[in-house]
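Colleague: Need the 3D shape of this:
(chains A and B)
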Amino acid sequence: MTSETQAVPARAIPRETTKARAARERRKLLRGIGRQALLQAVCIFIAITVLFPIVYVLGVALNSDPTNVGLQPKGLDLIPPHPSLDAFGKAIAQPSGNHVSFVTLAFNSFKLAVSTSLVSVGFGVLAAYAFSRLKFRLRSFLMIAVLAVLMLPAVATIAPLFVLLNSVNIGDFNLRNSIPGVALALISGALPFAIWNLKGYLDTIPKDLEEAATIDGCSRNQAFRYVILPLALPALAVTAFLGFVAGWTDFYFSWKFLEYPQDFTLSMALYGMVGAYASTTPWNVLSAFAILVSLPVSVVYLIFQRWIIGGLAIGGVKG
Amino acid sequence: MSAPAKATYVRKRRMFGADARVALMYLLPAFMVMAIITFYPLLYQVWMSFTDFKNTNLRVGSASPDWIWFGNYIKILTNDIAGIPNYDFLRILAFNLFWAFSNVIIHLCLGVAIALLLNQKKLWFRSIYRAIYVLPVVIPPIIVAAVWRNIFDQHHGAFNYLLAILTRQPPGGVDIAWLTDPGNPIAFFPLLPLSYFALLATNVWLGWPLNSVVATGALQSIPQDLYEAVEIDGGGAWTKFKVITLPFLRPAMLPYAIYGFVITFNLFYLSYFMTAGGPFGRTELLVTQAYRLVQEQQLYGVAAAFSVVMFVILLVLTLITNRLTKATASYVD
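Modeller: Model (predicted):
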């Protein structure tokens, strides 16, 4: 390397005049700036398209101008002239036509989210471990059964789930028309997804670690408890999060199953404000409500996006 | 067989035996739950699909529904379902396939292009752009659907207001009915109403960032000296892309493309919330139609048969995509 650099002056390259070199440098600099400007222009344009709907929703939610209340926006005010949190107050007090508060809706959605998340990951990781590490008869048959279930989107299992859960009656209590019933319907799809997603991750953990633990006198259960579980923590967290989101934003089961307003969920209230109902809903309340529903999930996703995107095994496609 | 060999043989056999017992312990909780709420309902669905299960069969103590053999399937495939206007099975299937393909191709191209853009040397504010571009990924699709429904609103939507500003008209000067216009924007391709393009715009916004994240990961795994080797051989930017970038991207992107295809094929919220399948059922997908059969028509038997048909379609698609993955895997090796 050094010898080469030393060799350069020895070559018979005609020396540039200072002027010519300055011109060349300037051209290079200009080309660099031109390229950078072009790249920046494209990047900024893309950023605008990404941010536009987000800024728009924030703008509408913060706009409670008297001329706008109870109505749709009269123009495109990305930055509202008199921003206020009135719409958020309304969205929390009574988001939909029913007499249920945001807190009731959120608590119902939270119950669905937590039960879906805990059951699917808790039972799922055990089955995933068996599929990933143990040899037994019917192994491939059971795995294909799980995979086959994953192929059908959850919406397409609603008819039998509705009929079967509806047939469970204890006194006045109808399982279908209750939060636990919806939770069961959600777990029906979330559990096979969790098994598949976690198996994919457990397969990547080297077998040597467990073997070392076994040589040190660990039983299978201890190896699972003290070696595999801690190592699988990121995947467990991601799968739990995906289960949580599935419950938190569930629409189709809740909308079909639940009849009592005190059981209603966030997504049901959201649907009650769009589509056919959009013309009678104040858009600032809808926007504020949308922000409130999405915020907890989005913040967690944003913080842990690297792990979540990485922890999403390709196998699972349950919608 | 010598003594030690036999001993290991016996130990191995016993270990497999023990394995099976441990496996049972680990599998039992999940499979007991799934037997009741996953597998049984799915088998029940197949039984239901051969009956005329209706609203009246739901009541406690009501008579069991009539067995009608393939009656529901025939109704579905011959577009003979009472109570659903504008139902056309083949049109829904064709639209659903076109919807998924067009989205995934755009997602992939944009995702890779923008990943390449962000991978340019000496790009200023790179990390800021990365942080902004990931935002659509973190918002639940149901929220996106609700918000974009209003963005494309005919009278008060942000998009028409924006067009009005860009064409120097007063607010309300542009009132394109993005979600309900019954016309054909592409005269020779009547499969696509205007609302398809509104849905497409929404899903492109929603979908490319994840592809871009995956492509970025793949790009960063490419050894830089490969590019230098091409440079020494006198290759330009296009050769570099074709010979190095593309073969490296393919194995990483293909599984995500298939994943995206299935997700998009079954994307419930955009169609259901934004267009409600309209205009005239032309943006209905198989999933939304399946839901409508249960929720609106309450034809449980027909809905069950519809789900079985969907299962067959998805099975065929999965087998085709598996073939594709294997075919292109050999290309990389």
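Colleague: worst-scoring helix or strand of chain B, pLDDT-wise?
Modeller: When the helices and strands of chain B are scored by mean pLDDT, DSSP states H and E, helix B:3-34 comes last with a mean of 72.
Colleague: mind listing the strands for chain A?
Modeller: A:169-170, A:173-174 (DSSP state E).
Colleague: Deepest in the core, which of those strands is it.
Modeller: When the strands of chain A are scored by mean count of other C-beta atoms under 10 Å in any protein chain shown, the highest mean neighbour count falls to strand A:173-174 (a mean of 14). C-betas here are computed from N, CA, C, even on glycine.
Colleague: re the thing from before, the strands of chain A into TSV, with extra columns for mean pLDDT and distance to B:Val134?
Modeller: Formatted as TSV, those follow (pLDDT from 0 to 100; distance: least, C-beta to C-beta, whole Å):
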stretch	mean pLDDT	distance to B:Val134
strand A:169-170	92	47
strand A:173-174	94	43
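Colleague: Make CSV out of the ones you listed and add distance to B:Phe95.
Modeller: CSV is the format used below for these (distance: least, C-beta to C-beta, whole Å):
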stretch, distance to B:Phe95
strand A:169-170, 41
strand A:173-174, 37
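Colleague: Quick one: closest of these to chain B.
Modeller: Closest to chain B of the strands of chain A is strand A:169-170 (C-beta to the nearest C-beta; 6.6 Å).
Colleague: ok, and what's touching that closest one?
Modeller: Residues outside strand A:169-170 that contact it (C-beta atoms under 8 Å, 6 or more residues apart in numbering or on different chains): A:Leu175, B:Val60.
Colleague: and if you look at stretch B:259-267?
Modeller: Residues from elsewhere that reach stretch B:259-267, judged by C-beta under 8 Å, 6+ apart: A:153, A:155, A:314, A:317, A:319, B:96-97, B:99-101, B:103-104, B:107-108, B:141, B:203, B:207, B:210-211, B:285-287, B:314, B:317-318, B:321.
Colleague: host element of B:Leu116?
Modeller: Under the criterion of DSSP states H and E, B:Leu116 resides in helix B:89-118.
Colleague: Can you spell out which helices and strands pack onto that helix?
Modeller: On a contact count with 3 or more C-beta pairs under 8 Å, 6 or more residues apart in numbering or on different chains; DSSP states H and E, helix B:89-118 meets helix A:18-62, helix B:126-133, helix B:194-220, helix B:246-265, helix B:286-295.
Colleague: between those helices, which gets the lowest average pLDDT?
Modeller: With a mean of 87, helix B:246-265 has the lowest mean pLDDT of the helices and strands packed on helix B:89-118.
Colleague: next SSE after that one?
Modeller: From helix B:246-265 onward toward the C-terminus, using DSSP H and E, the following helix or strand is helix B:268-269.
Colleague: what helices or strands is that next one leaning on?
Modeller: Short answer (3+ C-beta pairs under 8 Å, 6+ apart): helix B:268-269 packs on helix B:141-151, helix B:286-295.
Colleague: give me that answer again for 6 Å
Modeller: Contact here means 3 or more C-beta pairs under 6 Å, 6 or more residues apart in numbering or on different chains; DSSP states H and E; on that basis helix B:268-269 packs against helix B:141-151.
Colleague: Restricting to C-alpha, output the helix it packs on in CSV.
Modeller: C-alpha atoms of helix B:141-151 as CSV (Å, rounded to 0.1, in the frame of the first residue of the first chain):
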residue,chain,number,x,y,z
PRO,B,141,-55.0,-1.8,10.0
ILE,B,142,-58.5,-1.2,11.5
ILE,B,143,-57.5,2.3,12.4
VAL,B,144,-56.0,2.9,9.0
ALA,B,145,-59.2,1.7,7.4
ALA,B,146,-61.4,4.0,9.5
VAL,B,147,-59.2,7.1,8.8
TRP,B,148,-58.7,6.5,5.1
ARG,B,149,-62.4,6.0,4.7
ASN,B,150,-62.8,9.6,5.6
ILE,B,151,-59.8,10.8,3.6
